[in-house]
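In: give me a model of this one.
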Amino acid sequence: MKHMTIYWGKDVTLMIGSWKTHSWISYLLTLLACFLISAFYQYLEDRRLRFKALTSSSATSIHAPLLATHGRRARGFATALLFGLNSAIGYLLMLAVMSFNGGVFVAVILGLSFGYFLFRAGDEEIVAVDNPCARA
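Out: Residues are numbered from 1 along each chain as shown. Have a look, this model is predicted:
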């Protein structure tokens, strides 16, 4: 039976039927995976925003001559590819949280917070809309 309210326990099915935890070891490894994927999401978001700022800068040819030699389409494609990958990870995190397991929820939130602190807390020079939604 699927849970429709937040529950606490080691038995969880995460996203696909074959990712089930029945022991504390598998549950803790699942929480670690959720934490690391959430932090990686923030890392990719940082890379995407930096790449976007770099490619939209007028000084691209000075700081990144390889980007200046390639066309606008290649830069747009790379930015779109990073955005798509980051969106996919964000949606997977959303599906993980929708397992309604309290530990998974806490692991994702802590991972996003830790990743933000580690990779994006000093991004004052990058102007972007900050959205707490993981898939934004």
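In: all strands of this structure, in order?
Out: 12-13, 20-21 (DSSP state E).
In: note down every partner strand of the first one and its orientation.
Out: According to DSSP bridges, strand 12-13 has the following sheet partners: strand 20-21 (antiparallel).
In: residues contacting the strand it pairs with, please?
Out: Contacts with strand 20-21, where a contact means C-beta atoms under 8 Å, 6 or more residues apart in numbering, come from 10-14, 27, 30. Heads up, the C-betas are built off the backbone N, CA and C, glycines and all.
In: rerun at 7 Å
Out: Strand 20-21 has contacts (C-beta atoms under 7 Å, 6 or more residues apart in numbering) with 10-13, 27, 30.
In: do stretch 33-53 as well
Out: Contacts of stretch 33-53 (C-beta under 7 Å, 6+ apart): 78-79, 82-83, 85-86, 89-90, 93, 96, 104, 107-108, 110-112, 114-116, 118-120, 123, 126, 128, 134.
In: how many residues are close by residue 44?
Out: Neighbour count for residue 44, taken as other C-beta atoms under 10 Å: 18.
In: helix or strand with the lowest mean pLDDT in this structure?
Out: helix 60-63 (a mean of 52; mean pLDDT, DSSP states H and E).
In: not counting its neighbours along the chain, what's nearest residue 42?
Out: Excluding its sequence neighbours, the residue lying closest to residue 42 (C-beta to C-beta, 6 or more residues apart in numbering) is residue 115, at 2.9 Å.
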